[in-house]
Structure formats: C-alpha cells, structure tokens
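Asks: What follows is a predicted structure for the sequence shown.
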Amino acid sequence: MGVETIDYGGKKYAEVIRAEERVSHTTFFSPPESSFQFGLLAHPAGFVEAPHFHAAATRTITDLQQMFVVQRGVVAVLLYDDAGQLLREVVLSAGDAIVLIHGVHAIRVIEDMQCISVKQGPFLGTEMDKVMVEVKER
C-alpha cells in the first residue's frame, strides 16, 4: 500500500505516498499536465545533479492543491465530495504524504503532529483562500 490514488465519481480527490514506498529511480505519480507535481526523487550514492535552475514560464492554474508531509505524529485527513458527504478518512503517520487535489477536506489530529504543508501561491489571505463548507454527518 505504498502509493494510492483516491478517486470518486471520475474525479481524483487525493494521492497518498506512504513512508515505506521505495522506488529505484525518480518517479512522479501525478500526470505531467497536473498543476501540482507529486513524486519521489531517488538516486544512488555518488549521484551528482548538475547545477541548474527552473526556467520561468507562464502557467495558468485554476485549482489550488495542497500537500502534507507528516514529520511527526498521526493525523486523519477527511475527504468529502462536493455535496459535503464524507468519502474517506486517510490516517497518516510520520513520513507519509498526501496531495489534496479535489473536493473538501478537513484534518483531525490523533497524536500531536507536525506536517510540512505546500500549496501553490501566492497566498491571498485566509478570507480569500479558504471556503468553509457545511458537511453531512454519517
């Protein structure tokens, strides 16, 4: 259960990479056209990547995806459909990562946690960035 894609109704809601996942070479799991690239970098000892930078390019992004990498603790990520119905709860531990691609999400902290959070910018402020949603109880 190293890499998992969570799909519902023909839409990709999330991708999860568990800490125990191992690849022999750099592997991206998101499709090239995705606005947020998600993968594992892997190289043998002694590998040296040539100095470089990433070329500027105009990109049009119409979604905002978010990635969590759990550094310590345990957290549940709750995934909801567009109508606020709970689809799935994904429990993440240290070293696990998730990209939230579509739909409504929430977190529930099970053990004190610290996560790295990455999302596209610029940050427009909480008032413009977050849309609060009423969800349905099971």
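Replies: Thanks, I have it. Numbers count the residues shown, from 1 in each chain.
Asks: residue ranges of the strands in this structure, please?
Replies: Along the chain, the stretches classed as strands by DSSP state E are 3-8, 11-17, 27-28, 39-40, 66-80, 86-93, 97-100, 104-119.
Asks: ok, now how distant is the residue nearest to the spatial centre of the chain from residue 12?
Replies: Centroid check for the chain by C-alpha atoms, centre = their mean gives residue 99 as the closest residue, at 1.1 Å. Distance, residue 99 to residue 12, by C-beta to C-beta, to the nearest Å: 9 Å. Bear in mind the C-beta positions are built from the backbone N, C-alpha and C, glycine included.
Asks: and what of residue 63?
Replies: With C-beta to C-beta as the criterion, residue 63 and residue 12 are 11 Å apart.
Asks: Does residue 116 touch residue 71 like I think?
Replies: Yes: counting by C-beta atoms under 8 Å, residue 116 does reach residue 71; the two are 6.3 Å apart.
Asks: on that earlier part again, and the strands of the chain: which comes nearest residue 133?
Replies: Between residue 133 and those, the tightest spacing by C-beta to C-beta is seen for strand 104-119, at 4.8 Å.
Asks: Okay, angle between the closest one and strand 11-17 too, please.
Replies: Angle, strand 104-119 to strand 11-17, by axes from the mean of the first three to the mean of the last three C-alpha atoms, to 10 degrees: 50 degrees.
Asks: buried sites along strand 104-119?
Replies: Under the neighbour-count criterion of 16 or more other C-beta atoms under 10 Å, strand 104-119 has 104, 105, 113, 115 buried.
Asks: Pretty sure the second one sits against residue 78.
Replies: In this case it means residue 105. Yes: counting by C-beta under 8 Å, residue 105 touches residue 78, with 6.5 Å between them.
Asks: If the residue nearest to the centre of the chain is in a bridge, with which residues?
Replies: For residue 99, the beta-bridge partners are residue 15, residue 67 (DSSP bridges).
Asks: Surely it is in contact with residue 38?
Replies: Yes: using C-beta under 8 Å, residue 99 is in contact with residue 38, at 4.7 Å.
Asks: Could you report the pLDDT at the residue lying farthest from the centre of the chain?
Replies: Residue farthest from the centre of the chain, counting by C-alpha atoms, centre = their mean, is residue 46 at 29.7 Å. Turning to residue 46, the model gives it a pLDDT of 96.
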